[in-house]
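A.B. asks: here is a sequence with its predicted model. Questions after.
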Amino acid sequence: GPRRGGMAAEGDVELELETEPNGSGGGSDGAGGRAAEKPRKHDSGAADLERVTDYAEEKEIQSSNLETAMSVIGDRRSREQKAKQEREKELAKVTIKKEDLELIMTEMEISRAAAERSLREHMGNVVEALITLTN
């Protein structure tokens, strides 16, 4: 209502008040502010350089560990992949009813693949599949 309009107007006024001192302030001691900034910029440049050097050294140390890590991850991945394939084979064996599949698709509004997947995961038990999907 009208109160919100009032708030917006107040906000506008506040904004104007804020920009004015900043504008005039910047004009009067702009040179002073700039002079003070210069050394700070220089320092940050040196700090950045240091950071880059540290980073490069860290990277060298990491790369040797990385190979070890990668092979560990690789082993784990291939194991997981195998387990997944086994699971998919098991799931593929599960017999599911077309009616159950269609029921899940319409009830849950999900794709055939998703419906089939959940049905198989519950050994074709449509009730369990639906319960899991609704949770």
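C.D. replies: Everything's here; your move. Treat the numbers as computed from the prediction; the structure is a model and nothing was measured.
A.B. asks: quick one: the helices in the protein?
C.D. replies: Taking DSSP state H as the test, the helices found in the chain are 2-28, 30-93, 98-108, 112-121, 126-134.
A.B. asks: ok and the third one relative to helix 126-134, angle-wise?
C.D. replies: For helix 98-108 against helix 126-134, the angle between stretch directions is 20 degrees (axes from the mean of the first three to the mean of the last three Cα atoms, to 10 degrees).
A.B. asks: return the set of buried residues in helix 98-108.
C.D. replies: By 16 or more other Cβ atoms under 10 Å, the buried positions in helix 98-108 come out as 100, 101, 103, 104, 105. From N, CA and C alone the C-beta is placed, and that goes for glycine too.
A.B. asks: quick one: which of those is nearest residue 127?
C.D. replies: residue 100 (9.4 Å; Cβ to Cβ).
A.B. asks: ok, the spatially closest residue to the closest one that is not a sequence neighbour to residue 76 distance?
C.D. replies: Computed as Cβ to Cβ, 6 or more residues apart in numbering, the closest residue to residue 100 that is not its neighbour in sequence is residue 126, at 4.0 Å. From residue 126 across to residue 76, the span is 35 Å (Cβ to Cβ, to the nearest Å).
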